[in-house]
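>>> using only what follows, build the 3D model:
(chains A and B)
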2 protein chains.
Amino acid sequence: MQNKQNTPSSEKKQPKRACIVGAGLVGSLWAILLAKRGYQVDVFERRPDMRKAGAIGGRSINLALSDRGWRALEKAGIADKIRQVGIPMYGRMMHSTTGELTPQPYGKEGQAIYSVSRGGLNQELVEIAESFKDVNFYFDQPCWGLNLKTANPIFVNNGESKEHDYPLVFGADGAFSAIRSSLQRRPRFNYSQDYLDHGYKELTIPAGENGEHLLEKNALHIWPRGQFMLIALPNLDGSFTCTLFLPFEGEESFENLKTDKQILAFFQKYFGDAVPLMPTLLEDFKENPTSTLVTIRCSPWDYNDQVLMLGDASHAIVPFYGQGMNSGFEDCSLLDDFVEKHGEDWTTTLHEFNASRIKDANAIAALAVRNFIEMCDRVGDPAFLLRKKIAAHLHKKYPDHFIPLYSMVTFSHIPYSVAHQEGKKQDALFEKILALEGIFDNWQENKHVDKIFLEMYSE
Amino acid sequence: MQNKQNTPSSEKKQPKRACIVGAGLVGSLWAILLAKRGYQVDVFERRPDMRKAGAIGGRSINLALSDRGWRALEKAGIADKIRQVGIPMYGRMMHSTTGELTPQPYGKEGQAIYSVSRGGLNQELVEIAESFKDVNFYFDQPCWGLNLKTANPIFVNNGESKEHDYPLVFGADGAFSAIRSSLQRRPRFNYSQDYLDHGYKELTIPAGENGEHLLEKNALHIWPRGQFMLIALPNLDGSFTCTLFLPFEGEESFENLKTDKQILAFFQKYFGDAVPLMPTLLEDFKENPTSTLVTIRCSPWDYNDQVLMLGDASHAIVPFYGQGMNSGFEDCSLLDDFVEKHGEDWTTTLHEFNASRIKDANAIAALAVRNFIEMCDRVGDPAFLLRKKIAAHLHKKYPDHFIPLYSMVTFSHIPYSVAHQEGKKQDALFEKILALEGIFDNWQENKHVDKIFLEMYSE
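Residues are numbered from 1 along each chain as shown, chains lettered A, B, ... in the order given. Model (predicted):
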């Protein structure tokens, strides 16, 4: 990285200045959007420059981009570029214990979520941000926290900590945010961290001999096994990144997978069709970390008309709806909408963003935990599959009145909290429909399906 | 305080040794129970010795002791002594806006909760603990936290921090526990802090000219006003300590009580009969702090077979069920039961305590928030009063099968989680009973009351 200036802008008097803590996906995207509005932006990152250091350690290698994320990337002007290196996944591909495959589309024809490389996307965002004259990145400078009296951030540079003066500070420093740790000491700051009893571990299915994908490329593969599951997302180089989600303790658990024999027996038993595709399974399993799955909720997100947290810093969620990055990017585009509306009146912008967005973050947090159960357990259930089919029918026939929950979350910009509420209404609808006599035999001819729907949705 | 030794026992090799962080109510009681089991105990406290420094600042002056607390005090051998200085409160005394009084008994005849002085009780507990040869107190030594590698506590003494080596460490250091702050950094530590939108402020009704109580002495007085309330508990010197619970923001709120005129107008409007009894109202209101009301939940409470949190450190609750101290004291007596059962097998004791107690702490946390609504709003409601009467009737007629929720929490040792579940069943019962035709006119003659009860409780 070449700095266009030698000193952070905090040392200079400028009217439209902001500091962003964290050069991850959300921090670097927000730098671009702020720069487009004429702000001078300093971004501080505790890690080394990822463009020199290689991939970011310990975190998932690929992510699923969907409509909320795309909208933000369009605002940043890089959606087209990213789309070229993303792999569309049009649906889930379920693998049974005997290796049978069942495809399940995510939405209407043509609708897809996109597998993208986290590292590649992040580097792209940093490059674009840095191409703005007034954006500067400062790597290797961990944030120590906020000085609550001045609302200024404190960064450590070469072992020395220094407070930097900014009129605006954005905490995009992730699930273990230093900014949030400082705010947590304030009275009346509500906060929770909830861990699942499950952990995860990343594994690999390498590309075939000619660089080809050894499983269907345009799908998200799931091996649902009740209390645990394996998933796989395609990479551009022909490989798949697999993630095993498994309880830490219990009969089938990380605790009980210690020896090579135990690991192999477990994989043979539950993921028999995947084992031949995973030549480095044992090495990967033993070398890769077992990571935790946490949901972070807090409020308020703003402080002193000067500070705002974004992304995982204020609302980390579990990955089962593929909405972690997408919700963080949506933070950026919604905040940008407020800036468009209120100009430099940041007091109003911060308050309105805080007042409107927390309920949506709480909704997607709840939906993400719920989807874990769906992915592990329910995707193989005949009632679940029938519901998906009937939902697709209703969506096609009544597109203005019925959008399946998954589509509202993934392929729309409907606020998460509205989608969550609608989802509950849909649960009630399908409880009635799936109780109809003979529904499993022939739902297409059953006139009560539409009748029940119309009664419930015309109220 | 005279130390019987000049160095903490951490410097000496002794087999049955423990450290307690915090010399508050729970910490000093637990020191007594451990000493009775032959342990050498060092208690570290961040504050000065309260016996020299006077009252503890910023916290409630009196508390309501009930059966769970008494049981622990009996184990410590000081129940009788404390009972002599406690004031029994046999029920609530509701004050209407026009000054009418309505008494409402807490339980059966003779059952009472006891108003005791927090400071007096704490000093008593410290005195008794210190009378054991092997118990030592170290005041003015704040805990900096735990060294997570060794599970040893670090204390600051005269500006120097030092790690002390103990085989057992009990964190009884309150709602803002340093021990818990350290544990919170561990992966898979679940934690939440939830603040109410209400704050509280203590005020005073002094004794009459001859030291007499100016309100009924043997009652807990409540001025319920919907979204807020005033309460008053009797002190031995004839005074009452009043607490105003009020939203921080909104129409009637602390935010809107700034000037003398505003404060007086508010009190005149809502607490007219109390104002003449409060000559220092304005001074008290302006000088006393406005405090927050927080619920703390976390898990696990134990660490490394060596550390355990007790009382507010692991489960701070709001004060509306009068169970904060009582639940902390119950921690001590239940833990003592485990020690009796498992002897020096602390691994088992800590695990069993952790596995069995957290659900009860979560239950009383939920009940305490719920009781806030009851005290503010429902105590004046005819349906609520009728329910209380019918509940008393059922309790008298079927004492083995029906114990009102308040009595289960206050006058029994039924686990809080069981009481919470039973309470939900009672809600369902009274929903049916209060829907009976004519029930408000003459419930005593209504044969359906007992019939509904017997149907529901014979299942």
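
>>> the residue nearest to the spatial centre of chain A - nearest residue in space that isn't next to it in sequence?
Centroid-nearest residue in chain A: residue A:324, 1.9 Å away (criterion: CA atoms, centre = their mean). Closest residue in space to residue A:324, ignoring its immediate chain neighbours: residue A:317 at 5.6 Å, by CB to CB, 6 or more residues apart in numbering or on different chains. C-beta coordinates here come from the backbone N, C-alpha and C atoms, glycine included.

>>> same deal with residue A:116?
That would be residue A:86: by CB to CB, 6+ apart, it lies 4.5 Å from residue A:116.

>>> same check on residue A:199?
residue A:290 (4.6 Å).

>>> how many neighbours does that neighbour have?
Using other CB atoms under 10 Å in any protein chain shown, residue A:290 has 16 other residues around it.

>>> so it makes contact with residue A:201?
Yes - between residue A:290 and residue A:201 there is a contact under CB atoms under 8 Å: 5.2 Å.

>>> what sits up against stretch A:92-103?
Contacts to stretch A:92-103, defined as CB atoms under 8 Å, 6 or more residues apart in numbering or on different chains, come from residues A:91, A:104, A:106, A:215-216, A:219-225, A:269-274, A:379-380, A:385.

>>> pull out the buried positions in stretch A:124-142.
For stretch A:124-142, the neighbour count (16 or more other CB atoms under 10 Å in any protein chain shown) marks A:124-126, A:128-130, A:132, A:134-139, A:141-142 as buried.

>>> what about it, start to end distance?
Using CA to CA, to the nearest Å, the end-to-end distance of stretch A:124-142 comes out at 22 Å.

>>> what pLDDT, on average, does it get?
For stretch A:124-142, mean pLDDT is 96.

>>> do it and chain B meet at all?
No - on the criterion CB under 8 Å from any CB of the partner chain, stretch A:124-142 is out of touch with chain B, staying 15.4 Å away.

>>> who touches both of residue A:290 and residue A:201?
Common contacts of residue A:290 and residue A:201 (CB under 8 Å, 6+ apart): residue A:254.

>>> run a quick neighbour tally on the residue nearest to residue A:324.
25.

>>> give the pairing partners of whichever strand in chain A runs longest; include direction for each.
Counting by DSSP state E, the longest strand found in chain A is strand A:190-205. Here strand A:190-205 is paired, per DSSP bridges, with strand A:240-247 (antiparallel), strand A:291-299 (antiparallel), strand B:190-205 (antiparallel).

>>> what's the most buried one of those strands?
Neighbour counts (mean count of other CB atoms under 10 Å in any protein chain shown) averaged over each of those peak at strand A:240-247, with a mean of 22.

>>> mind listing the strands for the stretch 151-300 of chain A?
Secondary structure of the stretch 151-300 of chain A (DSSP state E, counting those that start in this stretch): strands at A:152-157, A:160-163, A:169-171, A:190-205, A:220-224, A:229-234, A:240-247, A:291-299.

>>> and the third one, what does it pack onto?
Meaning strand A:169-171. Packed against strand A:169-171 by the contact rule (3 or more CB pairs under 8 Å, 6 or more residues apart in numbering or on different chains; DSSP states H and E) you find strand A:17-21, helix A:178-183, strand A:307-309.

>>> helices - which of the buried residues of stretch A:124-142 land there?
Per DSSP state H, helices hold the following members of those: A:124-126, A:128-130.

>>> farthest pair in the residues you listed?
The most widely separated members of these, counting by CB to CB, are A:124 and A:130 (11.0 Å).

>>> what touches both of these two?
In terms of CB under 8 Å, 6+ apart, residue A:124 and residue A:130 are not both contacted by any residue.

>>> so what's the closest residue to chain B within chain A bridging to?
Among all residues of chain A, residue A:192 sits closest to chain B, at 3.5 Å; criterion: CB to the nearest CB. Judged by DSSP bridges, the bridge partners of residue A:192 are residue A:297, residue B:192.
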